[in-house]
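A.B. asks: here is a sequence together with a model predicted from it:
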Amino acid sequence: MATLEQTRAILADLVAFPTVSSESNLELVVHVAAMLGELGARVDLFHDETGHKANLFATFGPRNTDGGIVLSGHTDVVPVAGQDWSTDPFELHEAEGRLFGRGTCDMKGFVACVLAMAPTYAGLNLRRPLHIALTHDEEVGCLGAQALIRELAARDLRPAIAIVGEPTAMRIVEAHKGCCEYTVEFHGLEGHGSTPAAGVNAAGAAIRYAARLMELAEALKARAPSDSPFTPPETTVNIGRIAAGHAHNVIPGHAELCWEMRPVQAADMSFVKDEMARFVDDTLLPDMRAVHPDASIVTHVIGEVAGLEPQADNPARDLIGDLTGRTAAETAPFSTEAGLFQSLGCSAVLCGPGSIAQAHKPDEYIAIKQLGQCLDMLNGLAAALTD
């Protein structure tokens, strides 16, 4: 079994790679690919269209056999700019039973545990494959995981179980809402504020759009499943930003609105998108073009990440329950890549070391005790893979 000392050394290496989402993760994934390749894993790197980022997918055991298990983590971290750190965020620092550094809990701690266990997995006579997936750009819309899922589907490679090691303090999380983010641009016609009918007020259009969103937010409350495990139980809508205009007496010709929804079910996502498209096409845009034919409304999809829907039959949950001794599963308020694996047909669950309460903050840390608990779980998995 891997030791905490080995895990700490690997975590120090991972933290030293400053894989903020705006930067490349290639040095980290190439480093990990070399580690796993030396152990005999079959390793693929799938680059994004820029060539500056990549997903890693490695396999021990039979490659093209369904029914395998994937251990998944993301490589990117949130920025440290503007945060007041006590130590260098990209140099692991230990104090009072904690390891400090950007990404220690979210989620390089889990990745370090998996890599520390890799020599053990490599030495097993596996009857089903054990996959390791590392993705890019989770923090900005799960972009890497979406690409990875498409690649796996194209190869007809469908693991049975996905364990996503987000920081849950080693509790079992079987469900979370999705996260869909959009930026909408409104292009109208500037003019003098004294004659508003001669222009097309982009700010006014954005306000009408926002008002319709708020109407749908109320309608979504009635659509909440009666057995919804979430708080609040319904799909939510939030308007995060509206920007427009330059002066009191100028009709703004451009506006921008940023909004998100957190769906509890896929049907709600379709409901909101269809209703907003109908409102734009049938009402809002015709009103704008009646004055200015070149007026437009453009929606940019920042990210559409499926939620992890609770399932009565969940082998991933049951497996982690057996490995950790926990009998209860929970929901999470944050979104992850787990729903994407579920969309591939995997049974998926969240369970990893560290607390989400420490994520994204200055002096982010992970308790060493939590790493030990994660190693215990992953060591138990080794036995399950050879049963």
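C.D. replies: Sure, I can see it.

A.B. asks: now do the helices in the stretch 251-387 of the chain.
C.D. replies: For the stretch 251-387 of the chain, applying DSSP state H, counting those that start in this stretch gives helices covering 266-279, 285-289, 315-324, 338-343, 368-386.

A.B. asks: same list (those) but as a markdown table, adding mean pLDDT, distance to residue 298 and mean neighbour count.
C.D. replies: Quick note: C-beta positions are derived from backbone N, CA and C, even for glycine. Shown next, in a markdown table, are the helices of the stretch 251-387 of the chain (pLDDT from 0 to 100; distance: least, CB to CB, whole Å; neighbours: other CB atoms under 10 Å):
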| stretch | mean pLDDT | distance to residue 298 | mean neighbour count |
| --- | --- | --- | --- |
| helix 266-279 | 96 | 13 | 16 |
| helix 285-289 | 98 | 11 | 16 |
| helix 315-324 | 96 | 39 | 20 |
| helix 338-343 | 95 | 26 | 25 |
| helix 368-386 | 94 | 44 | 18 |
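
A.B. asks: which one of these lies nearest to residue 70?
C.D. replies: Residue 70 lies closest to helix 338-343 among the helices of the stretch 251-387 of the chain, at 7.0 Å (CB to CB).

A.B. asks: now the closest one, how far from the centre of its chain.
C.D. replies: Centroid separation for helix 338-343 versus its chain: 10 Å, with CA atoms, centre = their mean, to the nearest Å.

A.B. asks: ok, now stretch 346-355?
C.D. replies: That offset, for stretch 346-355, works out to 12 Å (CA atoms, centre = their mean).

A.B. asks: again with stretch 369-380
C.D. replies: With CA atoms, centre = their mean as the basis, stretch 369-380 stands 23 Å off its chain's centre.

A.B. asks: kindly report the same for stretch 127-144.
C.D. replies: On the basis of CA atoms, centre = their mean, stretch 127-144 sits 10 Å off its chain's mean C-alpha point.

A.B. asks: buried residues in it?
C.D. replies: Going by neighbour count (16 or more other CB atoms under 10 Å), the buried part of stretch 127-144 is 128-139, 141-144.

A.B. asks: want to throw the helices of the stretch 251-387 of the chain into CSV with distance to residue 60?
C.D. replies: Shown next, in CSV, are those (distance: least, CB to CB, whole Å):
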stretch, distance to residue 60
helix 266-279, 33
helix 285-289, 54
helix 315-324, 17
helix 338-343, 18
helix 368-386, 9
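
A.B. asks: please name whichever of the ones you listed is nearest to residue 189.
C.D. replies: Residue 189 lies closest to helix 285-289 among these, at 8.4 Å (CB to CB).

A.B. asks: how many residues are close by residue 94?
C.D. replies: 14 (other CB atoms under 10 Å).
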